[in-house]
Structure formats: structure tokens, C-alpha cells
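Asker: Fold the following and give me the result.
(2 chains)
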Protein chains: 2
Amino acid sequence: MRHTKVKDLLSSTTTLHEVNAKGWVRTFRNNQFIALNDGSTINNIQCVVDFENTADEILKRITTGAAVSVTGTLVESKGAGQKYEIKVAQLEILGDSDPEKFPMQPKKHSLEFLRENAHLRVRTNAFGAIMRVRSVLSFAVHNYFQQKGFVYVNTPIITGADAEGAGEMFQVTSLPIDHLPKNEEGNIDYKKDFFGKHTNLTVSGQLEGETFAMALGQIYTFGPTFRAENSNTSRHLAEFWMIEPEVAFNDLDANMDLAEDFIQYVIKYALDHCGDDLKFLEGRLLEEEKSKPQAERSEMTLLEKLNFVLENNFKRVSYTEAIDILRDSTPNKKKKFQYIIDEWGADLQSEHERYLVEKHFKCPVILFDYPAKIKAFYMRLNEDGKTVRAMDILFPGIGEIVGGSQREERFDVLVEKMKALGIDEEELWWYLDTRRFGSAVHSGFGLGFERLVLFVTGMTNIRDVIPFPRTPGNAEF
Amino acid sequence: MRHTKVKDLLSSTTTLHEVNAKGWVRTFRNNQFIALNDGSTINNIQCVVDFENTADEILKRITTGAAVSVTGTLVESKGAGQKYEIKVAQLEILGDSDPEKFPMQPKKHSLEFLRENAHLRVRTNAFGAIMRVRSVLSFAVHNYFQQKGFVYVNTPIITGADAEGAGEMFQVTSLPIDHLPKNEEGNIDYKKDFFGKHTNLTVSGQLEGETFAMALGQIYTFGPTFRAENSNTSRHLAEFWMIEPEVAFNDLDANMDLAEDFIQYVIKYALDHCGDDLKFLEGRLLEEEKSKPQAERSEMTLLEKLNFVLENNFKRVSYTEAIDILRDSTPNKKKKFQYIIDEWGADLQSEHERYLVEKHFKCPVILFDYPAKIKAFYMRLNEDGKTVRAMDILFPGIGEIVGGSQREERFDVLVEKMKALGIDEEELWWYLDTRRFGSAVHSGFGLGFERLVLFVTGMTNIRDVIPFPRTPGNAEF
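Answerer: Numbers count the residues shown, from 1 in each chain, chains lettered A, B, ... in the order given. Model (predicted):
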């Protein structure tokens, strides 16, 4: 008899037929009630064991974490909290779980302990929910772009280009690094490396993505990107997944429209498809916040916060306006900011972004038209000669979730900028070709996928929303 | 006026209204007819320029590769091969393309030349089609698994584990490799490396995927994987995308059913959603084969071949049966094989796989129950003690497209196998935990995505179905 998934059993329309379920024991109460979970849903199905007619040695093996197969009749449940249960006729232990040794006992574990057991934490309610939500959000991303006719592009992970300067890079090599081959000048002979040159892990697929947008019109990437930065924070990972759409003929306004519409779509998609998981995570957050002083608790529950993002336009504010607001703000005047804002041109720190989003506007904010000096070389220079058509989207509790821009489409202006910054034109010959041949206005942005998952799940540490986090000192599994 | 995509213009239901289109000039005939493409479809829209009332200096700039914006009336076309065309009222050159310099002139280019211009080749019909088909196939992959309730899992790209031995690995490091820090013993001090240890790029997400399948039930990965093998062939890449589903409680038969159903689904999805592109690629292949001797030409066209896979079950053959067939085959007897098959236990080479698929069975073949000695440590040992529950799916023209197995779920058997092969138990403590706690029968497979794209597009070199191929000596862009 083929087993039926718990999710399907719980949404049955008929009862009293024989069913088989397979899964893992979450709890076993009174020698009688198994809470069985198979990962198809956060909900367990209760399996009622006829303990009087079951051998003691079997009952003893029904422990948290054990894999079991139960066959029996699906009946309406008299217990609270569940519609159906299985009246077990036959029970088989598929794999034992020694209660003295299994780390995931049904009690509260610290998030740090769970991270050290990333291969098992997904067997808990919270991490099962997070990983299902993450998966559904990924699918929402593809759905959104594919419906609109965007082409999914897998830009390279290993790259010979290191021009964007988005961050420190990891080196990739096949050379034996304890016996490096040297050339005649005594330097490392990269001709002997796999690719015949020095290569790194990509920090962004944008530049390659642009070359495809200038042929296919609308493209998006969704793949891993890397930063070798020693940031031990709750918002940074050395390996994370990034989504980078790029659209020919879009200016910055159209780019903002796209980003806002996209984010609202994927959040709505999660609300529509992950109701049970999000409700659980909302409860988890409320529980967690009980231990905090009133002033530090959220004003909204998780679901309220998600709906708020759907129902309100993102506030669009120029960098110049933002500086005025920050300069006049109480924390700035009272010198409560670590970095005091006193003049135009200052780079915004996380504290400023959070003030704007969480205190001043109290909604997602799109900042645009930043000073050219604090932004990347490929951003379109405005007519004022000092700002560029950049945008950042800031979210409450998360900070920057999107960074994007209209790209500099004018060959001469771009080359001049590269020269001024010492960026090698030779190395980026192919990127410059997009401006040499059939150039046009185009725009795009990057969204750090884990930051989105953080926002939607209400978790606070980015290490808890990716299966196996990579951070300084951490590459276990 | 917002521009309309060429694809939407060509499927209009009304005419005689004003439209704007933006795209790139493919050709410009008779100073009058622009074939305009914007990447939304393989088809161009014809734009008819009123050359008598257009300045010569503008007409001169309408060259292959130039980006233009045309505004005019959508009318029914009198020309052959298109339903609609735009009668141009206004034309703007957005970006020039110097015909002396633009490499993608409308003539036949060698595939090798196009690879060297991977950033521009996507502006050709063939590569536009290939990349759109690739994108739709990716989406089909997600669609298939998400509809069935599989959870998408992003297994790590940078890994500290090197136990699978699926192939040579690239090392990842943040150490300055020309000034490596040494420890007291004079060895490289990996404690100073970013992750505090020696790390590599992943060759497979399977082992991590298994830990998630044993919690969530059904999972799949779809991400980049790497091999640092010096294989300069038309079937190998150093960086490629792999799909790895893993299902708790599935045995090898269920695994074969899943793989077959999955492959048929994604091919059908491509046929349903990429009609124009596939028809173009079919024509391209016919054209290409004209230059070949009759005997080397395909018996089926591209679409016939794809439909054949949908309409026929894959032939399931045990390794032992396959050896019998090969031993008795004409090329074996006549010593035409490079590697003569004379006894059970021999590893099958590409020539043998192709014989089975292309000459003997003439359909996709699933080989199963391979000798334990030639397969990986984690595969389930059969009761005969000498074969394992492995399967490979072989496709005509491609060879191995899927490799999978039922996994060894018995802790003791697995540990014994690891010991025999010298695989470090300590390093794989987390993998062994899946067998320590709630172990169960489970199975999965890996499908090399580019091999699937190769099959569906009818291309013959794997470097032509990924945007920026990574091969020995090649990491440009």
C-alpha cells in the first residue's frame, strides 16, 4: 500500500478508509498518541496506538525522531486541534532514534545550538516552516518573472572579472597551493591554473546579466553570490542567493515600479501559499517577544507586517530629501547617531536607514538619486553632474533589501568614469561592447534573497533562513 | 508612450492603432524594411520606413545591431511570412552599431567564434532561442517539483566536506596565496583561512539534500556544481547546473518512476511553451545535417525525437542483462569497441552506453543494479552482496543524463562500506546522523541540466547551451 502524505490526509474529504502514513515521531504521549510529521506540512497527524495489543518492545521504540510506518483507519478525531486521526492497526519501526542521543528533543533549543546541528534543525517545527516558506518564495520569484516573459539567466559563478568591486572576493584555484608553480619572474604561474588565469567567486551577475538584457530584453538571475568579508553580523553571509533582474529600455522610475510590484507579489504569494507555516512563525515571534520589554516589542504581528507591505506604496524619497530629514532629526541633534549627519554627500549607515524606515516614514522606503561618489561606476549620471540614478529599498527590521540603478548607457561617460576610478577597460571589453553596439537605457536591481526570507519569516538572524550558513569560521556540512 | 513587446505586437487581435516598439535591428533591406527584434520572441516585426521622408543621415544609422525606437501604426502586412508590420511614423536611433565593427553581422558564424563572443552571441537567432528554451526548462523543473510538494533546498556551494569523491574539486580560499601563513609545523595555517579550514566548491548537494529529505520528505536542489577535471569534451563543463531530488520512503523503482515522469514533464513543457524556438532549432539542425553524409544524419527531426521520448516508456535493463547484450554484440565480437566487454563487473564506457541506446534499444534506457565496486559508497547494497541499487538513465546522442540510487539506509552497512573505502567517519558525522536517528529507505538522483538543454535544443556542444561556459583555459567574462 502506497503511503499518503500527512498534508493530504489532513485535507481528506472522506474517512473510514484504510491509509498508510510514513514519517517521524514528534512526540508520543500516554503510550498511545503519536504526533507524526512527514515534512509535507507543519501539522502533525495524530496516530492512536492500540497500546494494549502492542508489544512493549515496540512501544518503547516509539521515540521522538524515530521513523515509523503506520497503517490503519482514518477517522474523525475526538481530540481538540485536529480534524482527523489514524486509528492504528499496524505499526512498523523503520528507523530508531535513541532518546539518550537524539539532539532534537521536544524542548526549547537555543538558535545557536540549532545552527550547530543544521542537518537536524529542519526536523523542528520552526525550521521546517522556514525552509518551506523559503522554497515557496523561491518559486514565487520564478513565477513572477516567467509570467512577465523574463528570461532566467545563469550567470557564471567562477569569474575572471573583478571589476565591480562590490566586495572582497574568494579565490578559486586548482593549483596545489602548497607547491605553487612559478613562472620565470618568480611569480605564481596562473597559466597553469585551471582557467589559465586568476579566478574568483562572483559577487554579482549584473554585468553579465546586462549583456543578456541587451539581447533578450528582460532577464533575471537567481543564484549564489559570495563575499569574503569578515562581517560577523546577523545580516551578512559569505554565501547567499541573489536575484538580479535587468530590463532594457527601463529607466529608474520603471525600475522602482518593477521592484515594488515584485516584492509585493512574492509576499502575497507566500501569504496565499504558506498560511499554516506563517501562522506558526507569527506565534513563535509573539512568544519570543514576551520576554522583551514592551518598548522593544513589534507594533505589528508578523502577518500584519506582511499585509502592511502589500497595502501601502513604498515611500519614494530622494537622497537629498533624506539628508534633510536626518539632519533635522532628534537623534542627530542630540548626537544619538554614531555617525552624525551634517552634510550632503555622507554615506548612510544602517542607523540612518532604520531611523527613516522605522521612525520617520514607518513604511518601506525607496531612496534614490545618491551622490555619484558613494555609488558604483556603472550608474547613470544625472544632469546635475553629481548624483546618479541609484535606488535602495529599505525595509523595517532588515535595512537595505534591494540595491539598483539605471545604468550608464553612454559609452564615453562610462569610459571616463572607469578611467577616473582606475577600472581596467581591457578587462571589461565585453561589458563596454553593450555600449559600443546598440546601447540603450536599461535598469536593474539586486535583491538579497535571504533578507527577503528574513522579513517574511520574522526571523532575526540571517543564519536561520538558509539551510547551511557560511560565515567566518563556519563551513561545516 | 510605453513600448509594446514584439511578441505581443505579433499576437495582436486588432490593428490600425498607434504603437511603439523598441529593439535591435536584425537587418535593414532596401532602405525601407527593418527586421526588429527585442528578444521577447524569435520572430522579428517588420517596420516599414518612409524612406522618402526620412533623412539620409538617419537611414545610414539603421544598421544591424543598432537599438531603435519606432512609433507608428500596426497594420496587416502584405509581405509573406508575417501577419503584421509597423508603418513607421517616427524613428529614433537609441544606440548606433558601427557595421565595420559589430561582430554579429547577419551571416553564418562558426560556433567557436560565437563562444568567444558569448556576450553578443545571444543576439543571434539560434542563441536567443537556446537561452529562452533553457529558461523555460528551468521553470518547468521548478513547476514540476513544486506542484508535487517538493521543497526547494539551496545546499551549500562552498563546502568543508570532500567525501563523496564525485570528482576533482576546486579549492576556495581567502588566504593570500603568494604569502601563505604557516603554522608551527610549517604547513599552511588553514585556521587563518576564511572558514578556518580547507574548503572546496561542491561537486554535489546530495549528502546535504539527504539530511533535508529525512525531515521534509521530498526535496530538490537546483544549483551550480563544479568539477576541476581537465576534460576538454563536448559533454563536460567545469561549472554546470544540477538538479538533485531526494525522496524519503522511495525505493529504486519509485526513483525510476519519478525520474522518467519528471523528464517527460519538462520536455512536454518545453514543447508546449517554446514552439517557435524549437521549430527554429529543428530547422537549424536539418540545415546543419545537410552537409553530413546520409548515414550520419539523424533518423528523426528534433521535434520527432522529443515527441518520441514522451510517447515511449524508458526501457529498464539491469546491468547484468546489459553486459550480456554487449558481450554478444557485433561491435564487441568484431573488436570495434575500444574497450572490449568480456566479463561482468566492467565499467561501461560511453561507446557501450551509446550502443545500447542508439543501436540496440533505440530509446532512452534505464540501467540499474550495478556492481558495487564501480559505484559510490552511499548506494544501497542488494541482497546478493555484490550489486547496488544504482540507476543511470542513458539518452540518445547525450549518454548519461541521470545518475541516481536508492541510498544505503542501514547505519552499520554504511559505516562498514566507508571504512573499506577509507572515507572519514568523523568528517561525515552529520551525514551518518541521518542513519543514526530515524533512518528510512530513501532515494534520489542527479540530472545535469545542461545535458537536458542539449537534448531539447538539438545542439551538440554543451558549451553552447550555457550563457558563459567554464572549461579548461576558459573563464572569460
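Asker: Hmm, residue A:71 is touching residue A:90, no?
Answerer: Yes. Contact criterion Cβ atoms under 8 Å: residue A:71 and residue A:90 qualify, at 4.3 Å. C-betas here are computed from N, CA, C, even on glycine.
Asker: Mind checking which of those two has more residues around it?
Answerer: Higher neighbour count among residue A:71 and residue A:90: residue A:71, with 18 against 12, using other Cβ atoms under 10 Å in any protein chain shown.
Asker: tell me which strands and helices the helix or strand containing that one is in contact with?
Answerer: For residue A:71, the host element (DSSP states H and E) is strand A:67-76. Applying 3 or more Cβ pairs under 8 Å, 6 or more residues apart in numbering or on different chains; DSSP states H and E, one finds that strand A:67-76 makes contact with strand A:18-29, strand A:33-37, strand A:84-95.
Asker: Go again with 10 Å.
Answerer: The helices and strands touching strand A:67-76, judged by 3 or more Cβ pairs under 10 Å, 6 or more residues apart in numbering or on different chains; DSSP states H and E, are strand A:18-29, strand A:33-37, strand A:45-48, strand A:84-95.
Asker: one step back: between residue A:71 and residue A:90, which contacts overlap?
Answerer: Here residue A:71 and residue A:90 have A:18, A:20 as joint contacts, going by Cβ atoms under 10 Å, 6 or more residues apart in numbering or on different chains.
Asker: contacting residues for residue A:444?
Answerer: A:206, A:209-210, A:213, A:218-221, A:244-248, A:250, A:255, A:258-259, A:404-407.
Asker: Show the buried residues in those residues.
Answerer: Buried members of the contacts of residue A:444, counted by 16 or more other Cβ atoms under 10 Å in any protein chain shown: A:206, A:209-210, A:213, A:218-221, A:244-248, A:250, A:255, A:258-259, A:404-407.
Asker: Close to chain B as well: tell me which of those qualify.
Answerer: A:209-210, A:213, A:218-221, A:248 (Cβ under 10 Å from any Cβ of the partner chain).
Asker: quick one: which of those residues sit in strands?
Answerer: When those are checked against strands (DSSP state E), the matches are A:218-221, A:248.
Asker: mind checking the end-to-end distance for stretch A:360-379?
Answerer: 28 Å (Cα to Cα, to the nearest Å).
Asker: That one and chain B in contact?
Answerer: No. Stretch A:360-379 does not reach chain B (Cβ under 10 Å from any Cβ); its nearest approach is 14.8 Å.
Asker: Quick one: closest of the helices and strands packed on strand A:67-76 to residue A:306.
Answerer: The minimum distance between residue A:306 and those falls on strand A:33-37, with 25.0 Å, by Cβ to Cβ.
Asker: residues in contact with that closest one?
Answerer: Contacts of strand A:33-37 (Cβ under 10 Å, 6+ apart): A:6, A:9, A:21-29, A:43-49, A:51, A:62, A:64, A:66-70, A:79, A:82, A:85-86, A:88, A:91, A:106, A:123, A:125, A:128, B:215-217.
Asker: Can you say which of those are buried?
Answerer: A:6, A:9, A:21-26, A:28, A:43-49, A:51, A:62, A:64, A:66-70, A:85-86, A:88, A:91, A:123, A:125, A:128, B:215-217.
Asker: Name the spans of chain A whose pLDDT lies under the cut-off.
Answerer: For chain A, the stretches flagged by pLDDT under 70 are A:162-166.
Asker: Can you give me the domain assignment for it?
Answerer: Annotated domains of chain A cover A:6-102, A:123-168+A:203-464 [automatic domain parsing].
Asker: and those domains, which is most packed in?
Answerer: The highest average neighbour count among the domains of chain A, using mean count of other Cβ atoms under 10 Å in any protein chain shown, belongs to domain A:123-168+A:203-464 at a mean of 19.
Asker: From the opening residue of that domain to its closing one, how far?
Answerer: Criterion Cα to Cα; first-to-last residue distance in domain A:123-168+A:203-464 is 14 Å.
Asker: chain center to it: distance?
Answerer: 11 Å (Cα atoms, centre = their mean, to the nearest Å).
Asker: ditto for stretch A:457-476
Answerer: That offset, for stretch A:457-476, works out to 10 Å (Cα atoms, centre = their mean).
Asker: which residues does residue A:447 form a beta bridge with?
Answerer: Note on residue A:447: beta-bridge partners residue A:243, residue A:402, judged by DSSP bridges.
Asker: What parts of the stretch 201-350 of chain A come near chain B?
Answerer: A:201, A:205, A:207-226, A:228-230, A:238-241, A:248-249, A:254, A:273.
Asker: Tell me which of these fall in helices.
Answerer: Those of those mapping onto helices are A:207-216, A:254, A:273, per DSSP state H.
Asker: Which one of the residues in the stretch 301-450 of chain A is closest to chain B?
Answerer: Nearest residue of the stretch 301-450 of chain A to chain B: residue A:439, at 3.4 Å (Cβ to the nearest Cβ).
Asker: check contacts around the nearest residue to that residue once chain neighbours are set aside.
Answerer: Excluding the flanking residues, the one nearest residue A:439 by Cβ to Cβ, 6 or more residues apart in numbering or on different chains is residue B:95, at 3.4 Å. Shown in contact with residue B:95 (Cβ under 10 Å, 6+ apart): A:214, A:409-411, A:434-441, B:24, B:61, B:65-68.
Asker: Okay, and the beta partners of residue B:95?
Answerer: Residue B:95 has the following beta-bridge partners by DSSP bridges: residue B:67.
Asker: what's the distance between it and residue A:244?
Answerer: Residue B:95 is 22 Å from residue A:244, where distance means Cβ to Cβ, to the nearest Å.
Asker: element containing the residue lying closest to residue A:66 once chain neighbours are set aside, please.
Answerer: Counting by Cβ to Cβ, 6+ apart, residue A:97 is the residue found nearest to residue A:66 once chain neighbours are left out, at 4.3 Å. Using DSSP H and E, residue A:97 falls within no helix or strand.
Asker: what does the one 5 residues further on give?
Answerer: Counting by DSSP H and E, residue A:102 is held by no secondary-structure element, helix or strand.
Asker: Skipping its backbone neighbours, what lies nearest it in space?
Answerer: Leaving aside its chain neighbours, residue A:102 sits nearest to residue A:65 (4.3 Å; criterion: Cβ to Cβ, 6+ apart).
Asker: did I read that right, the one you found in a strand?
Answerer: No. Secondary structure of residue A:65 (DSSP: H, G, I helix; E, B strand; the rest coil): coil, not part of a strand.
Asker: Going by secondary structure, the nearest residue to residue A:268 once chain neighbours are set aside is in what exactly?
Answerer: Residue nearest to residue A:268 in three dimensions, not counting chain neighbours: residue A:310, with 5.7 Å by Cβ to Cβ, 6+ apart. Assigned by DSSP H and E, residue A:310 belongs to helix A:302-311.
Asker: Identify the neighbouring strands of the helix or strand following that helix in the sheet and state each direction.
Answerer: Per DSSP H and E, the first helix or strand lying C-terminal to helix A:302-311 is strand A:315-318. With DSSP bridges as the test, strand A:315-318 is paired with strand A:365-371 (parallel).
Asker: all helices of chain A, in order?
Answerer: For chain A, the helices defined by DSSP H occupy A:6-10, A:56-59, A:111-116, A:125-147, A:206-216, A:252-273, A:275-289, A:302-311, A:319-327, A:330-333, A:350-354, A:411-421, A:429-436, A:449-457.
Asker: Can you say which of those helices is nearest to residue B:112?
Answerer: Smallest distance to residue B:112 across the helices of chain A (Cβ to Cβ): 16.5 Å, for helix A:429-436.
Asker: what sits against the residue nearest to residue A:462 when sequence neighbours are not counted?
Answerer: Nearest residue to residue A:462, sequence neighbours excluded (Cβ to Cβ, 6+ apart): residue A:450, at 5.1 Å. By Cβ under 10 Å, 6+ apart, the contact set of residue A:450 is A:134, A:235-237, A:239-242, A:459, A:462-466, A:469, B:154.
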